[in-house]
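Undergrad: Need coordinates for the following:
(chains A and B)
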Amino acid sequence: MLIHFKKQLAEKIKQAIISLAKSGKLNLEVDRLPEVVIEIPANSSFGEFSTPVALQLAKAAQNNPRKIAEMILAELFREVSPFWEDFTALEIEAGRMVFKPADFLAGPGFINFTMKDKFWATMVKIINEQGAGYGSSDYGQKRKVMVEFVSANPTGPLHIGHGRSAAYGDSLARVLRLAGFDVWREYYINDAGRQMGLLGKSLHARYLQELGVEASLPAEGYRGRYLVEIAKQLKNEQGDKYRNEAADSEFFINYAVEMILAGIRSDLAEFKVEFDHWFSEKRELHDTNKVEECLEYLKSRKAVYQKDGAAWLKTGEWEEQDRVVVNSQGVPTYLAGDIAYHKNKYERGFETLIDIWGHDHHGYQPRMKAMVEALGYSPDSLHLIVYQLVSLLRDGAPVKMSTRAGEFITLKEVLDEVGSDAVRYFFNMRGPDSQMEFDLELAKKQSSDNPVFYVQYAHARICSIFRNMAEYGFNEADIPTAKVDLLTTEGERDLIKKLAAFPELVIKCAKSDEPHHLTTYLQEMAAIFHSFYKHHRIMDRENQELSYARLKLMKALKIVIHNGLDLLGVTAPERM
RNA sequence: GCGCCCGUAGCUCAGUAGGAUAGAGCAGCGGUUUCCUAAACCGUUGGCCGGAGGUUCGAAUCCUCUCGGGCGUACCA
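TA: Below is the predicted model:
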């Protein structure tokens, strides 16, 4: 397909340059050539494939870039090869390729190529053949990647910010999988430490209150309403059985964590986000002595040392000051748990670790990198993605949120109001670095103002065409054999070129850990389709062959929109 | 103070593995429906890509400085 084709073309050009260099026609060192990049110009008057390589060579070769381009072309087309059959402006006469350099040369020295309709028609066939698998590649080489995301503390329900993490992480995981990685999604449950004690005591107080006993929340306790609900449930299930249980009893902690996690799981399920594993800090690190083992290991590597009664991690070049991993009371800090956790990830065979965090943790990055190095792995193998704040907008005004006072907009509330599709799509319209505004009114709108509906509507429209097929006298069974070479209009070609770019887009998203390029792509695709639909008749009784060709194109389009939306975790409705 | 992120159209934001004329949606203005879904389409207004230097044949994109905004700088998690 397209990626492969571009590689071949680049290779041919590279060989042409090498041959020019070897024969002395170009004064270049063969082992120091720039990579030949094949671009797809936005403006097709600059060809459908283009390379600026002649410009890049100009300086080293001390020659005019246009001149260099001409030499490359002459060398490139020196021998007749089936590879060139699909290129325009190339003729074969008496066993030789004949062309005018001007047809390939533009501007200061760009080399541009344009393809015959046949070439693009082949793309439509390929997409139809690959179906749901279209977009996949072996880019990832089955390398093991862990995406750890959400990982909200089990002390309260997910809020809207966690939603961003969930949408982002899950879509990224889907993209990586399609791009050929062996992906594992994990949620790290912080169910150990001081906060847990506080949570248990908070539930204890709420429970007593439910029983009519006067009790007050601990100083920094959890004040949210959800704990009142949990206390009610506890009372309903167990009555006053735990009335005399100690406030710091494990029972309250476990009960609260269990209920809260159940809520988190159900919210995420509604959001179409699933994990391969929910990793318990308490059970899988502390109870199994992993933290101590890890600290001993780091001491043996001289990465951790004792000073002032505490244990410190050397942060080396990454940070000015070293960080405490065991405090002077002998209690491991949060960082110690994190180190042990990441060591564990590497030990499970993951080559790349992707951590997705909220912006409030960004200061934590350097010590994480230092930690990876201390463990003996490459700092580049840990991708830290920090997403920025989400603010909600209702009727053009910001919705106030305060986590401290226990007043925040939960993910569940937003899901109930605008629906999972819109939330997932909106979160993936922006890169993680942008501090985004989430407009509740816009997300609910059922018009083209709302990008989700715009893209979904394109899909529904296509489905509608297929529903009407029989009525217009067309048969599903005749589509596979359609003559796609008949697709020659500008709108058709634009559509096909866009469709053909999908696999490379998926790789781009995987490479940059940025699934949000998909939404831009889908909107552009939908726009091309809607315009095409307006201006062209798909099913025309007077022109059966062309109609079948177009139906086949619509099938390909449906596949790509469907696959694209699927990566975002958004449904592709059959009708709207 | 130090560190990270951001600054692109009136608004919300794409575009940053350097490429040819900087894009979309909204908002504004004006059109389109005997026709497969008007949840659509077409036209139009709007920009010194925060500013200044530098690297390059070429910079919104890379480097330095600078201004403005956000956040972080715990023996908390």
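
Undergrad: Kindly report the domain assignment for chain A.
TA: A:2-115, A:149-273+A:388-444, A:446-567 (automatic domain parsing).

Undergrad: and A:Ala16, that one's in a helix?
TA: Yes - checked against DSSP: H, G, I helix; E, B strand; the rest coil, A:Ala16 lies within a helix.

Undergrad: picking that back up, need the domains of chain A in TSV (columns: mean neighbour count).
TA: Quick note: C-beta positions are derived from backbone N, CA and C, even for glycine. TSV is the format used below for the domains of chain A (neighbours: other C-beta atoms under 10 Å):
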stretch	mean neighbour count
domain A:2-115	16
domain A:149-273+A:388-444	19
domain A:446-567	18
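
Undergrad: need those in TSV with distance to RNA strand B, can you?
TA: Output for the domains of chain A, formatted as TSV (distance: least, C-beta to the nearest atom of the strand, whole Å):
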stretch	distance to RNA strand B
domain A:2-115	3
domain A:149-273+A:388-444	3
domain A:446-567	2
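
Undergrad: With mean pLDDT as added columns, please give the ones you listed in JSON lines.
TA: Putting those into JSON lines (pLDDT from 0 to 100) gives the following:
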{"stretch": "domain A:2-115", "mean pLDDT": "93"}
{"stretch": "domain A:149-273+A:388-444", "mean pLDDT": "91"}
{"stretch": "domain A:446-567", "mean pLDDT": "94"}
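
Undergrad: Just the element for A:Lys508, please.
TA: helix A:502-512 (DSSP states H and E).

Undergrad: should've said A:Met123
TA: Applying DSSP H and E, one finds A:Met123 within helix A:117-130.

Undergrad: centre of the chain versus that helix, how much separation?
TA: Offset of helix A:117-130 from its chain centre (C-alpha atoms, centre = their mean, to the nearest Å): 26 Å.

Undergrad: Which secondary structure elements does that helix sit against?
TA: helix A:490-500, helix A:544-568 (3 or more C-beta pairs under 8 Å, 6 or more residues apart in numbering; DSSP states H and E).

Undergrad: who touches the helix holding A:Lys508?
TA: A:1-3, A:134-137, A:139-140, A:172, A:175-176, A:178-179, A:181, A:514-518, A:521, A:560, A:563-564, A:567 (C-beta atoms under 8 Å, 6 or more residues apart in numbering).

Undergrad: next one: stretch A:46-64
TA: Taking C-beta under 8 Å, 6+ apart as the rule, stretch A:46-64 contacts A:6, A:9-10, A:13, A:17, A:26-29, A:32-34, A:36-41, A:65-66, A:68-69, A:72, A:104, A:106-115, A:497.

Undergrad: quick one: which of those sit in helices?
TA: Counting by DSSP state H, those place A:Lys6, A:Leu9, A:Ala10, A:Ile13, A:Ile17, A:Pro65, A:Arg66, A:Ile68, A:Ala69, A:Ile72, A:Lys497 in helices.

Undergrad: can you pull the contacts of the second one?
TA: Spelled out, that is A:Leu9. Contacts of A:Leu9 (C-beta under 8 Å, 6+ apart): A:Ile38, A:Phe49, A:Phe113.

Undergrad: what's downstream of the helix holding A:Lys508, the next helix or strand?
TA: Towards the C-terminus, the helix or strand next in line after helix A:502-512, according to DSSP H and E, is helix A:517-535.

Undergrad: Could you figure out how far that following helix is turned away from helix A:490-500?
TA: If you take axes from the mean of the first three to the mean of the last three C-alpha atoms, to 10 degrees, helix A:517-535 sits at 160 degrees to helix A:490-500.

Undergrad: Specify the angle between helix A:517-535 and helix A:502-512 in degrees.
TA: Angle, helix A:517-535 to helix A:502-512, by the same axes, to 10 degrees: 160 degrees.

Undergrad: what separates helix A:517-535 from the chain centre, distance-wise?
TA: Here helix A:517-535 shows a centroid-to-chain-centroid distance of 20 Å under the convention C-alpha atoms, centre = their mean.

Undergrad: mind pulling up the phi and psi values for A:Val150?
TA: phi 60, psi -80 (degrees, to the nearest 10).

Undergrad: can you dump the C-alpha coordinates of stretch A:383-390 into CSV?
TA: Provided in CSV are the C-alpha atoms of stretch A:383-390 (Å, rounded to 0.1, in the frame of the first residue of the first chain):
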residue,chain,number,x,y,z
HIS,A,383,7.3,8.1,28.1
LEU,A,384,5.8,10.6,30.5
ILE,A,385,2.7,12.2,29.2
VAL,A,386,1.3,15.1,31.2
TYR,A,387,-2.1,16.4,30.2
GLN,A,388,-3.3,19.8,31.1
LEU,A,389,-6.3,21.0,33.1
VAL,A,390,-9.8,20.6,31.8
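
Undergrad: I would like the residues contacting it, please.
TA: If you take C-beta under 8 Å, 6+ apart as the criterion, stretch A:383-390 is touched by A:160-161, A:163-165, A:168, A:352-359, A:361-362, A:365, A:368-369, A:427, A:432-438, A:513.
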